[in-house]
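# Sequence first, predicted coordinates after that:
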Amino acid sequence: MSAENSIDWYFEDFFPGQDIDLGTRAVTEEEIIAFASAYDPQPFHVDREAASHSIYGGVIASGWHTCGMMMRMVVDGLLAKSTSMGSPGLDSVRWLAPVRAGDTLNVHYQTTRVKASNTKPDRGVVWSKWVAINQHGETVCTVEGMGMFKRRPAA
């Protein structure tokens, strides 16, 4: 089977207002501490005792860890079966509520805008907002940016 046969998402498959549910992911304290120990070793991410005395009342995930979990879900649920050509960047990241051990995150990819390239007819740009919601219905993180996708080949 060729790679073309396994592609579900071309530029033409995206439209403004689209909401793609990418499923759920459980968060563990072990992964929170491991990620933060390597990349964001603030006390409220890595030290149970210090975190218990923080404004959060316990260990919380680094916002960068939350973004990493979201990215993995976007790749697994969408980009791995797409014609993604990467991204020129993000416009915003917002950490709206703490992510804690035991939380289950549900991530949605919301298409906000699409535009075919005027200068490169083989591709287009898709603007999106990724939204992570915990099991209590609270939005914990949003990421807004854009991605480039190949156009569907002519039949």
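Received it, and whenever you're ready, just let me know what you need.

# low-scoring stretches of the chain, by residue?
Using pLDDT under 70 as the threshold, the predicted model of the chain has low-confidence ranges 1-5.

# Find the centremost residue of it, please.
In the chain, the C-alpha nearest the mean C-alpha coordinate belongs to Met70, at 3.0 Å (C-alpha atoms, centre = their mean).

# got the residue ranges for the helices in the chain?
Under the criterion DSSP state H, the chain carries helices at the ranges 29-39, 43-46, 48-52, 63-77.

# Asp8: which of these is closest?
Go through the helices of the chain one by one with C-beta to C-beta and the one that ends up closest to Asp8 is helix 63-77, at 10.4 Å. For glycine as for every other residue, the C-beta is placed from the backbone atoms N, C-alpha and C.

# For that closest one, C-alpha coordinates in CSV please.
In CSV, the C-alpha atoms belonging to helix 63-77 read as follows (Å, rounded to 0.1, in the frame of the first residue of the first chain):
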residue,chain,number,x,y,z
GLY,A,63,2.1,24.2,30.6
TRP,A,64,4.7,23.0,28.1
HIS,A,65,3.9,19.4,29.1
THR,A,66,0.2,20.1,28.4
CYS,A,67,1.2,21.5,25.0
GLY,A,68,3.3,18.4,24.3
MET,A,69,0.4,16.1,25.2
MET,A,70,-1.9,18.1,22.9
MET,A,71,0.7,18.0,20.1
ARG,A,72,0.9,14.2,20.4
MET,A,73,-2.9,13.9,20.2
VAL,A,74,-3.0,16.2,17.1
VAL,A,75,-0.3,14.0,15.5
ASP,A,76,-1.9,10.7,16.4
GLY,A,77,-5.5,11.8,15.6
